[in-house]
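Student: Fold the stuff below for me.
(one chain, ligands or ions: 1)
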Amino acid sequence: MGTFKHFYHKNYDERLSIISNFADLNNQEVDEFANSKNQKNNSLIENYITDYSLPEGIAVNFIINGFNKVAPMVTEEPSVIAAASNGARMFSKSDGLHAKVISHNLTGQIIIKTDNYNLLYGYVKNHYAELLRTANNAHKSIIDHGGGAKKIHVRKLDEHYCSLDLFVDVAEAMGANIINSMLEALASFISTNHNENILMSILSNYSIDSLVRVTGKVPFAQLGKNGISGENVAKKIVEASHIAQIDPYRAATHNKGIMNGIDAFVMAMGNDWRAVESGVHAYASRNGSYQGLSKFTIEDGALFGEMTIPLSLGFVGGATKVLPKVKVNQKIAKVQSKNELMQMAAAVGLSQNLAALKALVTEGIQKGHMNLQLKSLAMSAGANDEELAHVVDKLRQLANPNLQDAQTIIKKLRK
Ligand code: MEV
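Tutor: So this is what the prediction gives:
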């Protein structure tokens with residue numbers, strides 16, 4: 001399209017003007033974009049037009065591995081932070097959440113077109129140390145940081161393709177660039193020295209070698225609601241987690257609740273939430289059908305929650321370096337390493353899940369959300385900070401309040 005020819009060569013003002021003409025934006029709409037521009041981000045992404053901001057809040061009440069913690073969360077969903085804090089509070093009434101990193105290696109693959117799996121397998125076996133060395137030579141500094149390529153597997157995909165899987169400890173980094181450089185160097189070595197036909201080399205987001213496990217107990221006394229005893233609520237939560245194991249329809253929503261917390265925390269920590277999402281959902285399907293990630297059981301007279309998930313996160317590098325709020329968020333969360341980041345993300349996810357399940361099996365999700373939903377309705381209708389409480393009050397008195405009701409209330413108030 002002529003209008004966008006060499007768009008990426010234009011300077012900021014030219015780009016904004018092209019977009020404004022293309023979409024027929026009025027002055028107010030152009031200002032909305034121009035006023036939020038950040039010169040630094042102009043070179044962070046291609047064709048930069050504005051900063052798109054999301055609210056950040058702090059979920060409280062966490063005890064993780066014996067330490068009091070709070071979790072910065074970036075989300076646009078009104079109920080998420082309240083629910084995470086509520087879940088964390090319930091776990092804190094025993095001895096809090098316990099989280100342990102099982103492994104934190106990145107996985108990458110070289111896809112090789114070959115009909116002879118045995119030959120490739122034999123080559124890798126006989127040259128194992130040399131292949132690992134070749135991978136490490138592509139990013140030598142990782143060894144100084146305590147990491148490096150750890151193991152290689154060869155997997156037969158079908159009659160014509162194999163995957164050579166490389167597992168790399170990328171230390172505190174997210175590591176996408178590190179592992180991709182290693183894979184490309186290794187692929188080129190294998191193609192030259194063993195005459196293999198390489199299709200491609202790339203990290204895998206199926207991060208099965210980067211697992212964290214979180215557990216926590218909730219005393220029955222924390223769970224009673226709406227005349228249902230704590231023990232009975234606990235039993236219903238156990239049933240709800242069972243349903244997420246046997247029904248993919250429910251599992252998807254169950255896991256969405258967990259990811260409400262994890263994504264929001266991962267975003268606040270400047271990490272790649274798309275990578276986390278794809279890894280987690282692939283892991284949820286590892287048994288052949290899509291299942292809930294967490295499980296609740298009753299143990300020693302309390303509700304016991306557990307979850308093991310893959311989380312491929314980075315404490316340094318990437319966006320953690322570029323987005324200035326990330327360093328502050330790391331300080332607020334009191335995380336000082338990749339392991340602590342993984343532990344906290346998992347703890348936030350399980351707390352989020354507990355709060356959702358408790359609400360679902362007792363009063364339902366709508367009641368708890370109502371106040372927040374009315375607030376966001378009032379805000380969408382244009383209520384300002386001073387008007388908000390009054391508009392929400394009036395909306396609560398209506399049977400099925402909608403946007404038009406909110407607008408009418410605001411109009412009356414402003415008369
Ligand atoms: C809403 O964003 C998340 C829930 O649907 C999660 C769940 O159903 O477990 C409440």
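Student: which residue is nearest the centroid of this structure?
Tutor: Centroid-nearest residue in the chain: D263, 3.1 Å away (criterion: CA atoms, centre = their mean).
Student: And whatever residue of the chain ends up closest to the ligand, how far from E306?
Tutor: Nearest to the ligand in the chain, going by CB to the nearest ligand atom, is G257, at a distance of 2.7 Å. (C-beta placed from N, C-alpha, C; glycine too.) Here the criterion is CB to CB, to the nearest Å. By it, G257 lies 16 Å from E306.
Student: what about the two, which has more around it?
Tutor: Each of G257 and E306 has its neighbours counted (other CB atoms under 10 Å); G257 has more, 25 against 17.
Student: Setting aside sequence neighbours, what's the nearest residue to the more buried one?
Tutor: Distances taken as CB to CB, 6 or more residues apart in numbering put A356 closest to G257, at 4.0 Å, once the chain neighbours are dropped.
Student: what about that neighbour, how many neighbours?
Tutor: 27.
Student: In contact with it, which residues?
Tutor: 83, 257, 260, 365 (CB atoms under 8 Å, 6 or more residues apart in numbering).
Student: on that earlier part again, where's the residue nearest to the centre of the chain, which helix or strand?
Tutor: D263 belongs to helix 248-268 when elements are defined using DSSP states H and E.
Student: How about N400?
Tutor: Judged by DSSP H and E, N400 forms part of no helix or strand.
Student: Check the gap between it and M370 for me.
Tutor: When CB to CB is applied, the distance between N400 and M370 equals 12 Å.
Student: ok, now V154?
Tutor: 56 Å.
Student: okay, those two: which has more neighbours?
Tutor: V154 (19 against 15).
Student: Leaving out chain neighbours, which residue sits closest to P310?
Tutor: S207 (4.0 Å).
Student: Tell me where the stretch 151-300 of the chain is predicted with low confidence.
Tutor: Scanning the stretch 151-300 of the chain for pLDDT under 70 picks out nothing.
Student: Can you pull the residues of it lying near the ligand?
Tutor: Applying CB under 6 Å from any ligand atom, we find that the stretch 151-300 of the chain lies next to the ligand at 253-254, 256-257, 260.
Student: who touches the one helix or strand L203 maps to?
Tutor: In this assignment (DSSP H and E), L203 forms part of strand 197-204. Applying CB under 8 Å, 6+ apart, the contact partners of strand 197-204 are 106-114, 161, 165, 175-176, 179-180, 183-184, 186-188, 190-191.
Student: Just the buried ones out of the residues you listed, please.
Tutor: 106-112, 114, 161, 165, 175-176, 179-180, 183-184, 186-187, 190 (16 or more other CB atoms under 10 Å).
Student: Restricted to helices, list those.
Tutor: Counting by DSSP state H, the buried ones among the contacts of strand 197-204 place 176, 179-180, 183-184, 186-187, 190 in helices.
Student: surely G96 meets K217?
Tutor: No: G96 is beyond contact range of K217, at 9.0 Å (criterion: CB atoms under 8 Å).
Student: Whichever helix in the chain runs longest vs the ligand: in contact?
Tutor: When the chain is parsed with DSSP H, its longest helix is helix 338-361. Yes: under the criterion of CB under 6 Å from any ligand atom, helix 338-361 makes contact with the ligand via 356, 360.
Student: so the next helix or strand after that helix versus helix 248-268, what angle?
Tutor: Using DSSP H and E, the helix or strand that follows helix 338-361 in sequence is helix 365-380. If you take axes from the mean of the first three to the mean of the last three CA atoms, to 10 degrees, helix 365-380 sits at 50 degrees to helix 248-268.
Student: Which helix or strand lies directly C-terminal to helix 365-380?
Tutor: Counting by DSSP H and E, what follows helix 365-380 is helix 385-396.
Student: Now do that following helix: distance to the chain's middle.
Tutor: Chain-centre distance of helix 385-396: 33 Å, with CA atoms, centre = their mean, to the nearest Å.
Student: Give me the buried positions along that helix.
Tutor: 387, 391-392, 394-395.
Student: Which ones among those also lie next to the ligand?
Tutor: Of the buried residues of helix 385-396, not one also sits near the ligand (CB under 6 Å from any ligand atom).
Student: got JSON lines for those residues, with pLDDT too?
Tutor: Below are the buried residues of helix 385-396 laid out as JSON lines (pLDDT from 0 to 100):
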{"residue": "E387", "pLDDT": "92"}
{"residue": "V391", "pLDDT": "93"}
{"residue": "V392", "pLDDT": "91"}
{"residue": "K394", "pLDDT": "93"}
{"residue": "L395", "pLDDT": "92"}
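Student: Relative to A347, which of these is nearest.
Tutor: V392 (31.8 Å; CB to CB).
Student: mind listing what the closest one touches?
Tutor: 371, 374-375, 378.
Student: Please verify my assumption that I152 contacts L164.
Tutor: Yes: between I152 and L164 there is a contact under CB under 8 Å: 6.4 Å.
Student: quick one: common contacting residues for those two?
Tutor: Contacts common to I152 and L164, judged by CB under 8 Å, 6+ apart, are V124.
Student: Among the two, which residue is more densely surrounded?
Tutor: Using other CB under 10 Å as the criterion, I152 and L164 rank with L164 on top: 25 against 18.
Student: Now do the same contact list for that one.
Tutor: If you count contacts by CB under 8 Å, 6+ apart, then L164 has 109-110, 112, 120, 124, 152-155, 186, 190 around it.
Student: Kindly report the same for A381.
Tutor: Applying CB under 8 Å, 6+ apart to A381 gives the contacts 391, 403, 406-407, 409-410.
Student: Need those residues in a markdown table (columns: secondary structure and distance to S20).
Tutor: What follows is those, written out as a markdown table (DSSP: H, G, I helix; E, B strand; the rest coil; distance: CB to CB, whole Å):
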| residue | secondary structure | distance to S20 |
| --- | --- | --- |
| V391 | helix | 33 |
| L403 | helix | 28 |
| A406 | helix | 30 |
| Q407 | helix | 28 |
| I409 | helix | 34 |
| I410 | helix | 29 |
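Student: most neighbours, which of those?
Tutor: Counting by other CB under 10 Å, top hit in the contacts of A381: V391 with 26 neighbours.
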